[in-house]
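1. With the input below, show me the fold.
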Amino acid sequence: MALLRARGDAPLKHLVFLVSLLLAAPSWAAVQFAANGASTVTSGTGTCTPATTTLGTVGATDIVLLVVTGEHDRNNHALTTANGFVQIGATIKGGDGDATEENPEIGFSVWWVRGSSWTAAPVVTDTGDHTSCALHRFTGAVTSGDPWDVNASGNDSNANDTSANIPGATTTVANTYVVLVQGTSNNATATTNCGAVTNANLVDITERFDSTNTSGLGGGHCIVTGTKHAIGAYATSTLTMSATTYKGAFSIALKPAVCATNICFDSFSTLTGVDPSWTHTPLGTPKGVLVWAVTVTGDVPVSVTYGGTAMALVATADHSTGETGAVHAYFLGSSVPTGAQTIAIDAGASGAAGYAVSLTATTDTEVLDSDATINSDSVADPSVTLSLAGRSAFAAIGFKSGQDDVTGIAPNANWTAQIEEDAGISTVGVYIYDVVSTADVTAGWTQTADDAIAVAVAVAEVQEAPACTAGLNLTLLGVGGCP
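-> Numbers count the residues shown, from 1 in each chain. Next comes the predicted model:
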């Protein structure tokens, strides 16, 4: 495929020169709660093995957290079979401290493993009466060492009430993804245990998980996430519980990965409707934006703009037979507006679903390769190859599948789902490749034989032509001299 932008493609022959390696400011990826990233809660009165059926594919760089809630306020939690999981801090306990297990006492712990060490779900040792456990998956965190910058934990001064306080901490790196984990001993089967979280130091506060169960004396937990952009303190997070309870809580500020190659995934957003228009909020300074528009067959959006700037159409895959539809990819790689910006798709009367990915980099960016050849009435595990020509690049794919439920599609190894949506008789998804490298990339997804249409795109930093050094006469080498 031709580049949307190309600079300095003419080769230099027989030239020996010195290259100065400039150390650019680091480019940060965004940590995210993975799409389909929470397992269903497992509860019982003995050991606890968390379910993995809804966890999604665990990538090598993913972080998986195990959250355990017990009813006993005296026992330290343990794993009968760890499978690589390591405890974060200590078991948090709340209750009257006597030997009797009673509602609403609590024992609460959090454990973690990196995807490269993931083999299977761990087995939690019986905590004494009620034990519940669940797994939660995150993408985009640092790929070595402890994944957190700072963490804090507490039991809300051992208070037995409905006012919950999750301890804060002081970050030392920018753009941390703060995971707030709130435990409760509520003896009910409920998904509304935690009220809205308030913290003026965090943005994009979103509840990800909320579940309690009545096994034994009951209990469970909630997961809420928020972002701390600037280095510094994030205060105690406050919320109201639905039932009086002793509590345990953790706040874990996950560190974003640094892209050694400088181009990084930044953030994702989406909206569906007639002429969808929505606000996309980058975490860093964007140097590239990709937007996929999914429409009915035969329709091409009149325009797609980012912050009022027209985006270029990269490719269209239009499927007019079987389960019809069209996928269009758009790109902006220079003069990208900073901060929150409006994405507007003028899709005509039929409407569209829009999906956006922003990228950080140290220079302007360009489409290195694209492929819209996945276009079939019946194909199993569709895939294409993106050619990177030895350049470091980010890769992603937007697609529509004939599968009628998201359980029928899944990302390939080392790919992460940003979204998987049920569109009735079909499904729509956006997957990104976890690895920024120079090797050609196979883009696709798994499904049984069914309709499939997609546009895959690889984006790289713009390559500048080598600078001409004044005074160096290159005429004899056949490449001309300085002007």
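2. Let me know whether Ser211 touches Gly219 as I believe.
-> No. Assessed by C-beta atoms under 8 Å, Ser211 is found out of contact with Gly219, at 10.0 Å. (Glycine included, C-beta is placed from N, CA and C.)
3. Name the residues contacting each of those two.
-> Ser132 (C-beta atoms under 8 Å, 6 or more residues apart in numbering).
4. Which one's more surrounded, these two?
-> Gly219 (35 against 22; other C-beta atoms under 10 Å).
5. measure the more buried one to Thr279 for me?
-> 38 Å (C-beta to C-beta, to the nearest Å).
6. is it true that Ser215 touches Thr42?
-> No. Shown here, Ser215 and Thr42 do not form a contact pair, counting by C-beta under 8 Å, at 9.3 Å.
7. Spell out which residues are contacts of both of those two.
-> Ser132.
8. Look up the pLDDT of Asn193 for me, please.
-> Predicted confidence (pLDDT) for Asn193: 95.
9. Same check on Thr338?
-> Reading off the model, Thr338 has pLDDT 94.
10. distance of it from Leu283?
-> 11 Å.
11. now do Leu217
-> 41 Å.
12. of the two, who's got more company?
-> Between Leu217 and Leu283, counted using other C-beta under 10 Å, the more crowded position is Leu283 (25 against 20).
13. Using just helix, strand and coil, how would you label the more buried one?
-> What DSSP: H, G, I helix; E, B strand; the rest coil gives for Leu283 is coil.
14. Trp445 against Ser401, yeah?
-> Yes. Between Trp445 and Ser401 there is a contact under C-beta under 8 Å: 7.2 Å.
15. between the two, who's got more neighbours?
-> Ser401 (28 against 25).
16. May I have the strands that pair with the helix or strand harbouring Leu368, each with its orientation?
-> Taking DSSP states H and E as the definition, Leu368 sits inside strand 365-371. Sheet pairing here is set by DSSP bridges, and for strand 365-371 it gives strand 450-461 (antiparallel).
17. quick one: average confidence on the partner strand?
-> pLDDT averaged over strand 450-461 gives 97.
18. Check stretch 404-416 too.
-> 90.
19. Show the end-to-end separation of that stretch, please.
-> 20 Å (C-alpha to C-alpha, to the nearest Å).
20. Centre of the chain to it, how far?
-> 14 Å (C-alpha atoms, centre = their mean, to the nearest Å).
21. Return the residues in contact with the most centrally placed residue in the chain.
-> For the chain, the residue nearest the mean C-alpha position is Gln32 (3.5 Å; C-alpha atoms, centre = their mean). Applying C-beta under 8 Å, 6+ apart, we find Gln32 in contact with Phe138, Thr139, Gly140, Tyr177, Phe268, Gln418.
22. Farthest pair within the residues you listed?
-> Tyr177 and Gln418 (14.9 Å; C-beta to C-beta).
23. Among the two, which residue is more densely surrounded?
-> Tyr177 (28 against 23).
24. partners of that one in the sheet?
-> With DSSP bridges as the rule, Tyr177 is bridged to Thr227, Leu254.
25. could you measure it against Ala372, distance?
-> 33 Å.
26. which SS class is Ser116?
-> Applying three-state DSSP: Ser116 is helix.
27. That one: how many residues sit nearby?
-> So Ser116, with other C-beta under 10 Å, has 13 neighbours.
28. For the strand holding Leu368, which outside residues touch it?
-> Applying C-beta under 8 Å, 6+ apart, the set of residues contacting strand 365-371 from outside is 1, 3-6, 263, 287-288, 314-315, 329, 331, 333-334, 359, 384-389, 391, 393, 443, 455-462.
29. my guess is Phe399 contacts Ile374, does it?
-> Yes. Phe399 lies in contact with Ile374 (C-beta under 8 Å); the separation is 6.9 Å.
30. do you know how far Ala51 is from Thr385?
-> According to C-beta to C-beta, Ala51 and Thr385 sit 35 Å apart.
31. hang on, I meant Asp434
-> Using C-beta to C-beta, Asp434 is found at 17 Å from Thr385.
32. The two: which has the busier surroundings?
-> Asp434 (22 against 13).
33. That one and Ala413 touch, don't they?
-> No. Taking contacts as C-beta under 8 Å, Asp434 lies outside contact range of Ala413: 9.1 Å.
34. Now for these two: what residues contact both?
-> Gly59.
35. Excluding chain neighbours, give the residue nearest to Gln341 in space.
-> Spatial nearest neighbour of Gln341, excluding adjacent residues (C-beta to C-beta, 6 or more residues apart in numbering): Gly307 at 3.5 Å.
36. what's near enough to touch that neighbour?
-> Contacts of Gly307 (C-beta under 8 Å, 6+ apart): Val336, Pro337, Gln341, Thr342.
37. what about the last one, helix or strand, and which?
-> Secondary structure from DSSP H and E places Thr342 in strand 341-346.
38. what's near enough to touch the closest residue to Gly94 other than its chain neighbours?
-> With C-beta to C-beta, 6+ apart as the criterion, Gly94 has its nearest non-adjacent residue at 3.1 Å, and that residue is Tyr246. By C-beta under 8 Å, 6+ apart, the contact set of Tyr246 is Asp73, Gly94, Gly95, Pro104, Glu105, Ile106, Asn155, Asn158, Ala159, Asn160, Ser185.
39. Reformat these as a markdown table; add distance to Leu202 and secondary structure.
-> Below are those laid out as a markdown table (distance: C-beta to C-beta, whole Å; DSSP: H, G, I helix; E, B strand; the rest coil):
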| residue | distance to Leu202 | secondary structure |
| --- | --- | --- |
| Asp73 | 29 | coil |
| Gly94 | 24 | strand |
| Gly95 | 29 | coil |
| Pro104 | 28 | coil |
| Glu105 | 30 | coil |
| Ile106 | 24 | strand |
| Asn155 | 21 | coil |
| Asn158 | 25 | helix |
| Ala159 | 23 | coil |
| Asn160 | 27 | coil |
| Ser185 | 26 | coil |
